[in-house]
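Undergrad: return atomic coordinates for the entry below.
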Amino acid sequence: MAVYAEGIPCWVDVTLDDVEAGKRFYGGLFGWTFEDPGIDERAKTGWSGRAGQAAFVNALSGGKKVAALAPKRDGRMPTAWGVYFATDDAAALARRIREAGGQMVTDPLPVPPLGTMAVAADPGGAVFGLWQAGSHAGFEKRDQPGSFCWTEVYARDKDRTDPFYETVFGFQGFDLDEEGEDFRTWSPAGADPGPDTAIGGRSVMGDAFPVEMPDHFMIYFVVEDCDGAAAKAVGLGGRVQAQPFDTPYGRIAVLTDNQGATFAVLAELAELAEPAEAAGPAEAAEPAGPTEAAAPAEGAEQAAAAERAEPSEPSEPAGPSGAPEPAEPSEPAEPSAPSEPSEPPAPPAPSEPSKSARLAESDEVDERPGPDGPRKNET
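TA: Predicted structure coming up:
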């Protein structure tokens, strides 16, 4: 049995053109250090196509695994962050995904000794990863500065998206209707639905999002200082897609790294911040707090999103460094193959319904939407 229960976000990773440049950016932004994931030579060759070449690196925060950086296996793949959902049986879950109207981008693939990964796309084209744990269970740290805390999918047709995830993973939905925003939190199967048990959510993309932007996942990371992180990202060659803004769960900003991958950062309110330890047993899904989505951005990220717009050709996630690789957050990104079950959320807290319209008015939002403010869940 995996450390994380089925359907819980257990890992995140990002697919990049230049992993070394990515290490400089994320090392400078989050203080991450990096290590070889420890997969055997046969797995490396199968993943990268060349013997002796590492397929990805694990990112560590305080010595604990929090994510993975992976090189693109194909130049046509989008530069994006992706999330992986835990499963005890990747093959059975892949069958359910097809039966529910989704499709498999990459069928279950062993990544010895770490585990088995797969990449799928929902009916709207949003890409996500699956991770069946071996020696790598997923996040060793989450909901703390420098680690994953929340994920949500941006969809155009909620009547197609909601039934898919609730059928495939058994998620219990809870609708939040505030200020005209349409946001739904998802709690694990068997849990009472609501923000206190949520492990992710779904936001509806409105007119503020470019028409060419496909459905996609957004990944959130905890920081101590949201404004400081935004300024630091710019200094490292990145961009601010949505300027820092306040939400009931903390201060959020949507950023793009120095290669075009978009993600969000959240500085939690003092009363909500709890020292969360590494990923715990799968049974406990951590609640999240609703987040508000930032307005979509244009440019490099839209281009990447457009590449993923066709579910039939979603790009594969980077490669497991322990977990599957999810798709880019603001553009429906296709998970990069897990590099050990990659990052997103030990139990994060959902954020309020996205305020895309409001954020869209900002000059800074030129590429993709970003959520408002996730809270934490416990794994």
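Undergrad: which residues of the chain fall in helices?
TA: Applying DSSP state H to the chain gives helices spanning 19-30, 41-48, 90-99, 158-168, 226-235, 300-308, 356-360.
Undergrad: what comes up buried for stretch 235-248?
TA: Applying a neighbour-count criterion of 16 or more other CB atoms under 10 Å, the buried positions in stretch 235-248 are 236, 238-245, 247-248. C-beta here means a position set from N, CA and C on the backbone, and glycine is covered the same way.
Undergrad: you'd agree Thr106 is up against Met117?
TA: Yes. In this structure, Thr106 is within contact of Met117 by CB atoms under 8 Å, at 7.5 Å.
Undergrad: compare the two (neighbour count), which wins?
TA: Neighbour tally, Thr106 and Met117, criterion other CB atoms under 10 Å: the higher count belongs to Met117, 35 against 22.
Undergrad: was I right about that one contacting Leu130?
TA: Yes. Applying CB under 8 Å, one finds Met117 in contact with Leu130, separated by 6.6 Å.
Undergrad: could you find the closest non-adjacent residue to Asp225?
TA: Counting by CB to CB, 6 or more residues apart in numbering, Ala267 is the residue found nearest to Asp225 once chain neighbours are left out, at 5.9 Å.
Undergrad: what residue ranges in the stretch 101-250 of the chain score low on pLDDT?
TA: Residue ranges of the stretch 101-250 of the chain with pLDDT under 70: 178-180.
Undergrad: let's see 90
TA: 111-113, 176-182, 206-209, 248-249 (pLDDT under 90).
Undergrad: can you give me the strands in it?
TA: Applying DSSP state E, counting those that start in this stretch to the stretch 101-250 of the chain gives strands spanning 103-111, 115-121, 127-133, 148-155, 172-178, 181-187, 200-204, 216-222, 239-247, 250-256.
Undergrad: please produce a markdown table containing those, extended by distance to Arg95.
TA: Output for the strands of the stretch 101-250 of the chain, formatted as a markdown table (distance: least, CB to CB, whole Å):
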| stretch | distance to Arg95 |
| --- | --- |
| strand 103-111 | 9 |
| strand 115-121 | 11 |
| strand 127-133 | 12 |
| strand 148-155 | 21 |
| strand 172-178 | 22 |
| strand 181-187 | 21 |
| strand 200-204 | 22 |
| strand 216-222 | 22 |
| strand 239-247 | 37 |
| strand 250-256 | 35 |
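Undergrad: what's the closest of those strands to Phe85?
TA: Proximity to Phe85 (CB to CB) singles out strand 127-133 among the strands of the stretch 101-250 of the chain, at 5.9 Å.
Undergrad: who does that closest one pair up with?
TA: Using DSSP bridges, strand 127-133 pairs in its sheet with strand 80-86 (parallel), strand 115-121 (antiparallel).
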